[in-house]
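Q: here is a sequence with its predicted model. Questions after.
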Amino acid sequence: MGTGLSTVALTLLAYDLAKENAGAVIGFALACKMIAYVVFAPIIGGLAHRFPRKPFLISMDVLRAGVVLLMPFVTQVWQIYVLIFVLNLFSAGFKPVFTATIPDIITDEEEYTKALSLSRVAYDLESLLSPTFAWLALLFFSYTGLFVSNSIAFGVSAILIAMTSLTAGVTVQRIGTIWDEISFGTRAYLKTPRLVGMLCLYVCVACASSMVIVNTVVYIRENLGMGEADVAIPFAAAGLGSMIAALSLPRLLERTNDRSVMLSGGAIMFLGLSLMALSPSFVFVLAIWFIVGVGWSLVQTPAGRILVRSSNENDRSAYFSAQFALSHACWLVMYPIAGQLVIQMGFENAALVLAGIIVVFLFLSTQFWSVQDDDSLVHRHETLSHDHAHVHDEHHAHAHAQAVASNNPHSHVHTHKMIMHKHRFVVDEHHMFWPGLPKKKDEQESLQHGIKRQSDTQR
């Protein structure tokens, strides 16, 4: 809520400094925000395992509170750009680590799904209610007070995190250089087929949401000739659709799987943008934007479940940071494209082009994200020697000259013998390549025979 108030204050500050050029100032400030997200989220996420989570999250909140408090003292436009960039640099550190921490607190999948649903509802409520609260606040004090309110909100966030019981997290020691640490999350994400499929669906979300966010004002004011106050109503319709879909998801996911739900969300967004090409009336615009809101919520809300399923506990921050950066890269590209398409081709043709892009990436998602998406996969490890912190798990079953507790992390040079086995597969330091499905039935039988023979030998 505090961030929503600050957004309103930023528009007023930009107008004070730039008058008729305020729109350009806000546009460039939002570009600074996206660049901070895309560039620095994977860097911070790749290094987050080096820091205790609770102090890290609290420090990000405190730093953001301090940056927001500097906003009222801005006297030049360039200072807005600097402060927005720094503010969102800290947000790029906070948000992915925060979301990656939630599954450690709520470990039951059903309860975690409800948490994701409520998180999505809170996000949509903020977008609906923040302008109202900002309007009420501005009746009593200037927009400077909105920045102060946001700073207080960050402080409250830090206090709530301090009151939350958080485990220290699993000790992680990456193999390789500092660049390997920074790039691990993105590399692992892009090597996981279901996550690449999910990223394709986020391109669909970026197409639909960019059309809503960037071009609603154009359609309502220019095509329909309506007033400024009417522009907010379609946004509310999209938010309402998103909230209803999010609240329905826990029960829906009890009956079907994440892949089907998320693909249906992409299809719904395609339908919505296709209908916008028919030059609908205001009432039908509300219905269409409601449908589009349902679609993007069906894609975005279950994303946390897919990330948890695709990563180990100690790698979650890196995976969530990669998701955060890559998804915002989609919006960074689609925002200007959506705006330029309407300028060059008109609203109806632009809607058709974006609907076409959705179809392409919806198809690509089905190709990357297979229907037969098993968690446990047969795979083979080649002989490997390296040194990193480890415990005695299924990949580190070796003896020591001196007694070492099997669950205590310790480090030394050790060798992994060639092994072929089957277990829940995620891309991590010991599984950097997704196993390809065997092309022939006899190859599958050979692998299964190898696992059985190895199991018999160990017994």
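A: Thanks, I have it. Residues are numbered from 1 along each chain as shown.
Q: which SSE is residue 145 in?
A: Per DSSP states H and E, residue 145 falls inside helix 144-163.
Q: same question, residue 415
A: Counting by DSSP H and E, residue 415 is found in strand 410-416.
Q: domains for this protein, by residue range?
A: 2-167+177-368, 376-388+411-458 (automatic domain parsing).
Q: pipe those domains into a markdown table and attach mean pLDDT and mean neighbour count per row.
A: In this view, the C-beta of every residue, glycine as well, is placed from N, C-alpha and C. Below are these laid out as a markdown table (pLDDT from 0 to 100; neighbours: other Cβ atoms under 10 Å):
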| stretch | mean pLDDT | mean neighbour count |
| --- | --- | --- |
| domain 2-167+177-368 | 87 | 19 |
| domain 376-388+411-458 | 58 | 13 |
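Q: now the helices for the stretch 151-300 of the chain?
A: Listed in chain order, the helices of the stretch 151-300 of the chain (DSSP state H, counting those that start in this stretch) span 178-190, 193-218, 232-255, 258-276, 282-300.
Q: who does the second one touch, helix- and strand-wise?
A: Using 3 or more Cβ pairs under 8 Å, 6 or more residues apart in numbering; DSSP states H and E, the elements in contact with helix 193-218 are helix 178-190, helix 232-255, helix 258-276, helix 282-300, helix 303-309, helix 316-345, helix 347-368.
Q: any chance of those helices in a markdown table, with distance to residue 151 too?
A: Putting those into a markdown table (distance: least, Cβ to Cβ, whole Å) gives the following:
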| stretch | distance to residue 151 |
| --- | --- |
| helix 178-190 | 30 |
| helix 232-255 | 26 |
| helix 258-276 | 36 |
| helix 282-300 | 28 |
| helix 303-309 | 28 |
| helix 316-345 | 23 |
| helix 347-368 | 38 |
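Q: for residue 142, which of those helices is the nearest?
A: Closest to residue 142 of these is helix 232-255 (Cβ to Cβ; 22.4 Å).
Q: for residue 44, see how far away residue 92 is.
A: Distance, residue 92 to residue 44, using Cβ to Cβ, to the nearest Å: 6 Å.
Q: overlap in contacts of these two?
A: Contact with both residue 92 and residue 44 is made by residues residue 321, according to Cβ atoms under 8 Å, 6 or more residues apart in numbering.
Q: show the subsequent helix or strand relative to the host helix or strand of residue 56.
A: Taking DSSP H and E as the definition, residue 56 sits inside helix 53-70. Past helix 53-70, further along toward the C-terminus, the next helix or strand under DSSP H and E is helix 77-105.
Q: let's have the helices of the stretch 151-300 of the chain in a markdown table, adding distance to residue 122.
A: Shown next, in a markdown table, are the helices of the stretch 151-300 of the chain (distance: least, Cβ to Cβ, whole Å):
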| stretch | distance to residue 122 |
| --- | --- |
| helix 178-190 | 25 |
| helix 193-218 | 18 |
| helix 232-255 | 9 |
| helix 258-276 | 19 |
| helix 282-300 | 13 |
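Q: which one of these lies nearest to residue 100?
A: Between those, helix 178-190 lies closest to residue 100; by Cβ to Cβ that is 10.1 Å.
Q: for the closest one, packing partners?
A: Helix 178-190 packs on helix 22-47, helix 193-218, helix 316-345, going by 3+ Cβ pairs under 8 Å, 6+ apart.
Q: now do the helix holding residue 56: everything it contacts.
A: 6, 48, 83, 86-87, 90-91, 93-94, 97-98, 101, 147-148, 150-152, 154-155, 157-158, 161-162, 164, 166, 168-169.
Q: at 7 Å instead, please
A: Here helix 53-70 makes contact (Cβ atoms under 7 Å, 6 or more residues apart in numbering) with 6, 48, 83, 86-87, 90-91, 93-94, 97-98, 101, 147, 150-151, 154-155, 157-158, 161-162, 166, 169.
Q: coming back round to it: closest to residue 315 out of the helices of the stretch 151-300 of the chain?
A: Of these, the one closest to residue 315 (Cβ to Cβ) turns out to be helix 178-190, at 6.9 Å.
Q: so which of the helices of the stretch 151-300 of the chain is nearest residue 33?
A: helix 193-218 (13.5 Å).
Q: and the angle from that closest one to helix 316-345?
A: 40 degrees (axes from the mean of the first three to the mean of the last three Cα atoms, to 10 degrees).
Q: quick one, helix 193-218 and helix 282-300 angle?
A: 160 degrees.
Q: list the contacts of the closest residue to residue 74 other than its chain neighbours.
A: Closest residue to residue 74 apart from its sequence neighbours, by Cβ to Cβ, 6 or more residues apart in numbering: residue 80 at 5.7 Å. Each residue near residue 80 by Cβ under 7 Å, 6+ apart is listed here: 13, 14, 25, 29, 74.
Q: next, format those as a markdown table and append distance to residue 185.
A: Putting the contacts of residue 80 into a markdown table (distance: Cβ to Cβ, whole Å) gives the following:
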| residue | distance to residue 185 |
| --- | --- |
| 13 | 35 |
| 14 | 34 |
| 25 | 33 |
| 29 | 27 |
| 74 | 34 |
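Q: of the residues you listed, which is the nearest to residue 190?
A: residue 29 (29.6 Å).
Q: tell me the spacing between the closest residue to the closest one other than its chain neighbours and residue 147.
A: Nearest residue to residue 29, sequence neighbours excluded (Cβ to Cβ, 6+ apart): residue 84, at 4.6 Å. Shown here: residue 84 relative to residue 147, a distance of 12 Å by Cβ to Cβ.
Q: residue 287 now?
A: 37 Å.
Q: quick check, central residue of the protein?
A: The chain has residue 324 as the residue nearest its centroid, 3.7 Å off, counting by Cα atoms, centre = their mean.
Q: which residues does that residue contact?
A: Contacts of residue 324 by Cβ under 7 Å, 6+ apart are 37, 41, 95, 96.
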